[in-house]
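Novice: Here's my sequence, what's the structure:
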Amino acid sequence: MVELKTDTSIDAMHAAGQVVGRALTAVRRAAGVGVSLLELDEVAREVLREAGASSPFLGYRPSFAPTPFPAVICASVNDAIVHGVPTRYRLRDGDLVSIDCGATLDGWAGDSAISFTVGRPRPADLRLVETAERALAAGIEAAVPGNRVGDIAHAVGRVCRTAGYGIPHGFGGHGVGRRMHEDPDVPNEGRPGRGLPLRPGMVLAIEPMLIASGKDAYYAAEDGWTLRTADGSRAAHVEHTVAVTESGPRILTARETP
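Specialist: Next up, the predicted model:
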């Protein structure tokens, strides 16, 4: 069931989203050659603590997971697409990093993700991240009353496929509200004009995931969480929580430009 949020609820979700935005900004600023993924997780934890927010990631255990998630961020490096578990791995020059973070504040959740490079970037990685951001922008632009979920999916997928990138099937966006994951599912590829109609008060996480090689295959790593590209190619993941309103899409997890 899809819950339509009131303007007051959306404002409260914006407050949660701003905590997420600050956490992602702090993590990106802290990321550098030699910094461990666990250290980045601690940076995000401190932002949540200062805001009086909790993490919807920490302890989360969906049906596919062998263990509860142990961190407040997902940290996915190079060939990891999403759901990377922070470890002692220290970032290296040229790494491509995706950080996903959530926050729950006063009972409402926010969810967002960024991808960036560390040290000297590969041009191919910069193109991959830039395309992911364009796909996200296209999906957000389609999140208006009168459209359907399929219009968002089509907008995201068209940007990804036109650029020659792969899309991992079965993973995409979702509704957000009192819980991090709510109805409806928001795929990263689909047919326009199909799916659930978009109505004011719907709040959606739109999150393109791109595979550089153009192939879609992936596998779950031994930790049971991390999804990796089957061919070892690099991946990018970006996300915003967005409210559908009469006046257009409202990004609830907007953050500072680094």
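Novice: Longest helix in the chain, please.
Specialist: Counting by DSSP state H, the longest helix found in the chain is helix 7-30.
Novice: would you list every one of the strands in the stretch 51-200 of the chain?
Specialist: Here the stretch 51-200 of the chain has its strands, by DSSP state E, counting those that start in this stretch, at 73-77, 80-82, 96-105, 108-117, 173-175, 182-186.
Novice: where do the helices sit along the protein?
Specialist: For the chain, applying DSSP H gives helices covering 7-30, 37-51, 123-141, 149-162.
Novice: Buried deepest among these, which one?
Specialist: Looking across those with neighbours counted as mean count of other Cβ atoms under 10 Å, the highest average goes to helix 149-162: a mean of 22. (C-beta placed from N, C-alpha, C; glycine too.)
Novice: Mean confidence (pLDDT) on it, please.
Specialist: Mean per-residue pLDDT for helix 149-162: 98.
Novice: re the thing from before, out of the strands of the stretch 51-200 of the chain, which gets nearest to L48?
Specialist: With Cβ to Cβ as the criterion, L48 lies closest to strand 96-105 of the strands of the stretch 51-200 of the chain, at 5.8 Å.
Novice: Nearest residue to S54 in space, please, no chain neighbours.
Specialist: Closest residue in space to S54, ignoring its immediate chain neighbours: T104 at 4.8 Å, by Cβ to Cβ, 6 or more residues apart in numbering.
Novice: any idea of the pLDDT on the closest residue to V156 other than its chain neighbours?
Specialist: Nearest residue to V156, sequence neighbours excluded (Cβ to Cβ, 6+ apart): G139, at 4.3 Å. G139 carries a pLDDT value of 98.
Novice: Now do the contacts for G139.
Specialist: I152, A153, A155, V156, G173, V186, I206, P208 (Cβ atoms under 8 Å, 6 or more residues apart in numbering).
Novice: Tell me which two of those residues sit farthest apart.
Specialist: So, these by Cβ to Cβ: farthest apart are A155 and G173, at 11.8 Å.
Novice: May I see the strands of the stretch 51-200 of the chain arranged in CSV, with mean pLDDT and mean neighbour count as well?
Specialist: CSV is the format used below for the strands of the stretch 51-200 of the chain (pLDDT from 0 to 100; neighbours: other Cβ atoms under 10 Å):
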stretch, mean pLDDT, mean neighbour count
strand 73-77, 98, 26
strand 80-82, 98, 23
strand 96-105, 98, 27
strand 108-117, 98, 25
strand 173-175, 98, 24
strand 182-186, 97, 18
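Novice: Of those, give the one that comes closest to Y60.
Specialist: The closest of those to Y60 is strand 96-105. By Cβ to Cβ, the value is 8.8 Å.
Novice: Show me what that closest one packs onto, helices and strands only.
Specialist: helix 7-30, helix 37-51, strand 73-77, strand 80-82, strand 108-117, helix 123-141, strand 235-237 (3 or more Cβ pairs under 8 Å, 6 or more residues apart in numbering; DSSP states H and E).
Novice: by how many degrees do the longest helix of the chain and helix 37-51 diverge?
Specialist: For helix 7-30 against helix 37-51, the angle by axes from the mean of the first three to the mean of the last three Cα atoms, to 10 degrees is 140 degrees.
Novice: relative to strand 73-77, how tilted is helix 7-30?
Specialist: Calculated by the same axes, to 10 degrees, helix 7-30 forms an angle of 50 degrees with strand 73-77.
Novice: Show me what the mean pLDDT comes to for helix 7-30.
Specialist: Per-region confidence: helix 7-30 scores 98 on mean pLDDT.
Novice: between it and strand 108-117, how big is the angle?
Specialist: Using the same axes, to 10 degrees: helix 7-30 against strand 108-117 is 30 degrees.
Novice: and helix 7-30, how far out from the chain's middle?
Specialist: 13 Å (Cα atoms, centre = their mean, to the nearest Å).
Novice: what angle do that helix and strand 96-105 make?
Specialist: Going by the same axes, to 10 degrees, helix 7-30 makes 140 degrees with strand 96-105.
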